[in-house]
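J.: give me a 3D structure for the following:
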Amino acid sequence: MGDSRRMPDTSPPPDQSQPRLRIGFLLAPRFTLSAFATFVDVLRLAADDGDGSRPIRCRWKVLSTDMAPVQASCCARIEPDERLGDPARFDYIFVVGGLIEGGPGLSSEHATFLRRAAQARVPLGGLCTGVFALARLGLMDDYRCCVSWFHHQDFLAEFEKMRPVSDQIFVVDRDRLSCSGGVSAAHLAAFLVDRHIGGAVARKSLSILMIDEPMQGDRPQPGLPLELNARDPLVRRALLAMQQNLQAPLPIARIARDLGVGRRKLERHFNADLGIPPADASIRIRLAQARMLLTRSDRTVTRIAEETGFCDASHLIRVFRESEGITPDLWRQQSQGVENLA
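T.: Take a look at the predicted model:
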């Protein structure tokens with residue numbers, strides 16, 4: 001009888017000298033851990049068969065000037081893997097952003113490294129608010145970039161001449177990549193895995209992370225809570241544009257132009273999906289925000305009118321009474337009375 005004992009595996013390990021995807025990361029001080037972790041986990045699961053986590057098909061490195069740990073906004077610390085070196089050894093370099101205010105930002109050495117990467121035509125990317133860092137260095141000039149709806153106004157305030165995309169989960173514009181943060185980082189990573197390794201591997205990675213399927217970059221961002229449950233992607237993107245400009249509502253013609261369609265086409269899509277025209281949807285969104293502010297804050301009606309895009313308090317009171325049958329102040333009193341009884 002032959003020996004039934006398991007013999008040790010003496011076959012050579014898989015060739016790790018030629019990964020198909022090589023990514024370097026620069027972590028900004030107080031970076032967002034979730035965006036970094038979900039992106040890296042897609043790479044980790046795509047790099048090996050099963051859940052082996054060996055960096056075979058792709059590799060990733062956290063880069064540093066001094067090898068000191070970098071603290072995330074949640075206070076966790078990440079140890080760098082290696083010093084900056086030659087950016088051309090990577091297929092992509094991503095900046096992982098975090099808190100916009102209160103941190104020192106990227107160092108001058110990081111800035112020099114990123115500019116060298118751009119000169120070497122290494123594609124650059126920003127995860128979460130990482131695109132802010134790239135834009136501050138002039139590396140997003142003449143590029144489209146993705147910014148979370150939550151930071152849309154912050155971006156406009158700092159970069160007046162740029163118009164960020166805040167109605168998509170990620171944007172790939174030539175050799176610049178950016179995403180809105182959170183789980184969108186996983187979908188951007190899956191996009192790269194699909195491009196360099198294969199769609200089946202990308203789907204496997206997402207499935208293990210309990211994400212149903214890859215999403216394309218033009219998938220609308222989950223925005224502020226909406227009363228209007230739109231199914232049409234064009235309508236959802238228009239609604240998000242309305243949400244992102246509550247204080248200074250955009251004309252419907254401007255929204256249509258920004259979405260690359262005519263006003264009449266946008267109106268047809270709204271009527272077919274929601275049964276109301278875009279202008280009525282804009283009013284309903286602003287009234288929903290006004291009700292929320294009446295319930296959860298002590299702001300005056302005048303202040304709420306300013307923050308929700310009404311001309312003045314009288315305008316808000318008139319529109320509110322037409323919708324609710326009572327004035328905003330009386331609605332607030334009744335809402336607070338119901339809460340006190342609960």
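J.: mind listing what the residue nearest to residue 181 when sequence neighbours are not counted touches?
T.: Distances taken as Cβ to Cβ, 6 or more residues apart in numbering place residue 128 nearest to residue 181, at 3.5 Å, with adjacent residues excluded. For glycine as for every other residue, the C-beta is placed from the backbone atoms N, C-alpha and C. Counting by Cβ atoms under 8 Å, 6 or more residues apart in numbering, residue 128 touches 31-32, 35, 96-98, 148, 179-182, 185.
J.: tell me what the helix or strand where residue 155 lies is packed against?
T.: Element membership for residue 155, per DSSP states H and E: helix 152-158. Here helix 152-158 touches helix 130-136, going by 3 or more Cβ pairs under 8 Å, 6 or more residues apart in numbering; DSSP states H and E.
J.: buried sites along the helix it packs on?
T.: 130-135 (16 or more other Cβ atoms under 10 Å).
J.: lowest average confidence, helix or strand, in this structure?
T.: Least confident helix or strand, the chain: helix 328-341 with a mean of 78, by mean pLDDT, DSSP states H and E.
J.: list the buried ones in that one?
T.: Residues 328, 331-332 are the ones in helix 328-341 that count as buried (16+ other Cβ under 10 Å).
J.: cool, and stretch 234-248?
T.: Those would be 234-246, for stretch 234-248 by 16+ other Cβ under 10 Å.
J.: CSV please, covering the residues you listed and showing secondary structure.
T.: Converted to CSV, the buried residues of stretch 234-248 look like this (DSSP: H, G, I helix; E, B strand; the rest coil):
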residue, secondary structure
234, helix
235, helix
236, helix
237, helix
238, helix
239, helix
240, helix
241, helix
242, helix
243, helix
244, coil
245, coil
246, coil
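J.: put together a markdown table for those, with distance to residue 198 and pLDDT on each row.
T.: Supplementary listing: the buried residues of stretch 234-248 in a markdown table, determined by distance: Cβ to Cβ, whole Å; pLDDT from 0 to 100:
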| residue | distance to residue 198 | pLDDT |
| --- | --- | --- |
| 234 | 31 | 88 |
| 235 | 34 | 90 |
| 236 | 30 | 83 |
| 237 | 30 | 84 |
| 238 | 35 | 90 |
| 239 | 35 | 89 |
| 240 | 32 | 80 |
| 241 | 35 | 84 |
| 242 | 39 | 88 |
| 243 | 37 | 82 |
| 244 | 36 | 77 |
| 245 | 40 | 84 |
| 246 | 43 | 84 |
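J.: what ranges of this structure fall below the confidence cut-off?
T.: Scanning the chain for pLDDT under 70 picks out the ranges 1-17, 101-104, 153, 220, 222-227, 338-342.
J.: now do the strands in it.
T.: Ranges of strands in the chain, per DSSP state E, are 21-27, 58-64, 70-71, 77-78, 82-83, 92-96, 124-127, 170-173, 176-179.
J.: contact partners for residue 137?
T.: Residue 137 neighbours (Cβ under 8 Å, 6+ apart): 111, 114-115.
J.: out of those, flag the one nearest to residue 169.
T.: Among those, residue 114 lies closest to residue 169 (Cβ to Cβ), at 23.6 Å.
J.: I'd guessed residue 315 sits against residue 302; true?
T.: No. Using Cβ atoms under 8 Å, residue 315 is not in contact with residue 302, being 10.7 Å away.
J.: could you chop the protein up by domain?
T.: Here the domain parsing of the chain from automatic domain parsing is 21-208, 223-342.
J.: could you single out the most deeply buried of these?
T.: Most buried of the domains of the chain, by mean neighbour count (mean count of other Cβ atoms under 10 Å): domain 21-208, with a mean of 19.
J.: ends of that domain, how far apart?
T.: 20 Å (Cα to Cα, to the nearest Å).
J.: quick revisit: so which of the strands of the chain comes closest to residue 271?
T.: Proximity to residue 271 (Cβ to Cβ) singles out strand 170-173 among the strands of the chain, at 29.3 Å.
J.: in its sheet, which strands sit next to that closest one, and in what direction?
T.: Using DSSP bridges, the strands paired with strand 170-173 are strand 176-179 (antiparallel).
J.: ok, the nearest residue to residue 204 once chain neighbours are set aside - contacts?
T.: Of all residues not flanking residue 204 in the chain, residue 45 sits nearest, at 6.8 Å (Cβ to Cβ, 6+ apart). Contact analysis of residue 45 by Cβ under 8 Å, 6+ apart lists 51, 53, 204-205, 208-209.
J.: how about a cut-off of 10 Å?
T.: 51-53, 189-190, 193, 201-202, 204-209 (Cβ atoms under 10 Å, 6 or more residues apart in numbering).
J.: switch those residues over to CSV; also include distance to residue 86.
T.: CSV is the format used below for the contacts of residue 45 (distance: Cβ to Cβ, whole Å):
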residue, distance to residue 86
51, 32
52, 29
53, 26
189, 23
190, 28
193, 24
201, 28
202, 28
204, 32
205, 28
206, 32
207, 35
208, 33
209, 32
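J.: in helices only, show me those.
T.: 189-190, 193, 201-202, 204-208 (DSSP state H).
J.: need the longest helix for this protein.
T.: Secondary structure of the chain read by DSSP H shows that its longest helix is helix 278-296.
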